[in-house]
Structure formats: C-alpha cells, structure tokens
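**Q** pasting the sequence and the predicted model now:
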Amino acid sequence: MTANSLLIAQDVNIYYGDFHAVKQVNLNAERGTVNALIGPSGCGKTTFLRAINRMHDFTPGARVTGRIAVEGNDIYAQGVDPVAMRRRIGMVFQKPNPFPTMSVFDNVVSGLKLAGIRDKRHLMEVAERSLRGAALWEEVKDRLDSPGMGLSGGQQQRLCIARALAVEPDVLLMDEPTSALDPASTSKVEDLMGELKKVTTILIVTHNMQQAARISDTCSFFLNGEMIEHGETDQVFQNPRDERTEAYVSGRFG
Ligand SMILES: Nc1ncnc2c1ncn2[C@@H]1O[C@H](COP(=O)(O)OP(=O)(O)OP(=O)(O)O)[C@@H](O)[C@H]1O
C-alpha cells in the first residue's frame, strides 16, 4: 500500500456456490488513475469488478471473502450501508441503462434526488457540471426535459457516465463501457477518461487491448480467476513478466 492508494483489495476470493471464480486477488488503485482489467472471456474480470461495490449482494449463492477498502474503509464491514457505499463507488455497465421513464435532466440528478436534495438551482448546477464532465452538455443542453431514452446509444452511455459522476464518486467502475458503441462514440468515451480521472479513480474492464493501452495507467491481466500480472500499462504491454501475459497481449490467445 502507498499513501496514495484509494482502493485496496486484499486476498479477494469470490465463489458462485462451489465454483471459485476469483482466486486470491490483490490490487491497489492509486487516486486519480485509470486501471484496466484485461483477460479472456470468463476469467473473472466482471466478477471482481462487481465485488467492489457489493453487487454480489444481489447474486444468490455468491460469496466474497478477503478485504476491499476504499479510503481505508472496508466496504464489507458490519454496519456499512450498501446504498450509501454505492454512491461513493459508481458503476457504468456494458449496455447504456438510462432510467426509461425519466428525462435527461432527471436521469443525471436521480442520485441526488434520492438523497433528498430538492434545491432546483443546485440540481441544475450539478446536472450541467456532470453533463460537461461526460462531454454531453453541448449535445443535450436544449433537450434536458426530453426522455433519456431518446438519445443515441453513445449519448445514452455518456448520460449514464454523467449520472454516475453527479454524486461525485470516489471510484467509478466501468464494465466494458464502449462495447455496445460505434467507433465515434467509443472514441468520445475514451477521450473522456483523461478528464474523468482528475475527479475519480477508474477501474475498467475491457476486451479491447488497444483501448487498455491507450487509456489506462495500470493494467491487470486475469486468467482462470487469477490475477496473473499487475503493473504499469506500458510495462504490462511492452515488457510483461509472465509468459501468459505476453501471449495474451500479443494476441496469441483470447
Ligand atoms: N451469476 C453467476 N453464477 C454462476 N457463475 C457465474 C455467474 N456469473 C459469472 N459466472 C462464472 O464466473 C466466471 C467468471 O465470469 P466473469 O463474467 O467474471 O468473467 P469475465 O472475465 O468478466 O468474462 P467476459 O469477458 O466474457 O465478460 C465464468 O466462468 C462465469 O461463467
């Protein structure tokens, strides 16, 4: 651990019933960095990511052991309110999932409204800041009252990023956030990362190796539930320590 570690995962194991999906994973993420999780399909990346905001609470038979701490606070400790915790640890999913009945504006400020914040001016300020943060403001500023579902797929995903940013999370978890997007929208979301990491620490699952190389500061390679290698992205891609990492990043499997 270093003084700047925002997220610390220690000896994390995750089971679905008897199946051991994530094995003894350790990871530190420094404040203000983008951390990519890579590896072939089914190796446990999403399972690990979902443990970081206790999404497995909703999966029958799933069990997480070990310790995951954000800002030094164990998120699995007794007495932690998972709803409040998830406000600190936001998540953006593979498919954009705006709230279907809500306007663009209400989507963005939904977390604040849920927390009881009603002041119109404050909500408007947060909506604008978050939409600017998600590089969507210029495209939607004249249609804030239109349904969020009326936006294009790429816009919807940036709306979901704005919604996650609105509550100023310490950590933003992104599970293949561009896999359902066209190349232009993908590059918009990728361009965002450099800005987003100034305000939040990002963990991103991606299948796209070029994307991981372009946007991440550190990279973790998973295989069969184990984290085989973790390091600075340049090192992992250009000078991997483990031959399995080398085989994967050079496209020989997966
Ligand atoms: N709810 C579940 N119940 C039982 N097994 C599951 C469940 N979710 C995932 N698994 C299994 O756990 C393993 C890891 O899955 P996970 O989705 O974490 O992999 P992944 O690396 O994210 O894969 P992908 O890149 O295809 O999304 C797989 O063998 C998967 O079948």
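**A** Yep, it's here. Residues are numbered from 1 along each chain as shown.
**Q** how about the residues of the stretch 1-150 of the chain by the ligand?
**A** Within reach of the ligand by C-beta under 6 Å from any ligand atom, the stretch 1-150 of the chain has these residues: 16, 19, 21, 39, 41-47, 59. For the C-beta atoms, the positions are set from N, CA and C on the backbone; glycine is no exception.
**Q** go again using 5 Å as the cut-off
**A** Taking C-beta under 5 Å from any ligand atom as the measure of proximity, the stretch 1-150 of the chain contacts the ligand at 16, 21, 41-47, 59.
**Q** could you pick out the buried ones from those residues?
**A** Those of those that meet the buried threshold are 21, 43-47, by 16 or more other C-beta atoms under 10 Å.
**Q** just the ones of those residues in strands?
**A** Counting by DSSP state E, those place Ala21 in strands.
**Q** related to what we said a few turns ago, sort out which one of the residues of the stretch 1-150 of the chain next to the ligand lies nearest Lys141 for me.
**A** Within these, proximity to Lys141 (C-beta to C-beta) peaks at Thr46, which comes in at 34.0 Å.
**Q** list the residues that contact that closest one.
**A** Contact analysis of Thr46 by C-beta atoms under 8 Å, 6 or more residues apart in numbering lists 175, 205.
**Q** for it, report the pLDDT, please.
**A** Listed pLDDT for Thr46 reads 97.
**Q** quickly note the distance from His122 to the ligand.
**A** 38 Å (C-beta to the nearest ligand atom, to the nearest Å).
**Q** need the contact list for that residue.
**A** Contacts of His122 by C-beta under 8 Å, 6+ apart are Leu112.
**Q** element containing it, please.
**A** Assigned by DSSP states H and E, His122 falls within helix 120-133.
**Q** with adjacent residues omitted, what lies nearest to the closest residue to the ligand within the stretch 51-200 of the chain?
**A** When scored by C-beta to the nearest ligand atom, the stretch 51-200 of the chain has Thr59 as its residue closest to the ligand, at 4.9 Å. Nearest residue to Thr59, sequence neighbours excluded (C-beta to C-beta, 6 or more residues apart in numbering): Tyr16, at 7.2 Å.
**Q** specify the beta-bridge partners of the one you found.
**A** Phe19, Ala62 (DSSP bridges).
**Q** my guess is it meets Gly61, correct?
**A** Yes: between Tyr16 and Gly61 there is a contact under C-beta atoms under 8 Å: 5.8 Å.
**Q** pretty sure Val12 contacts Ala51?
**A** Yes: between Val12 and Ala51 a contact is recorded at 6.3 Å, counting by C-beta under 8 Å.
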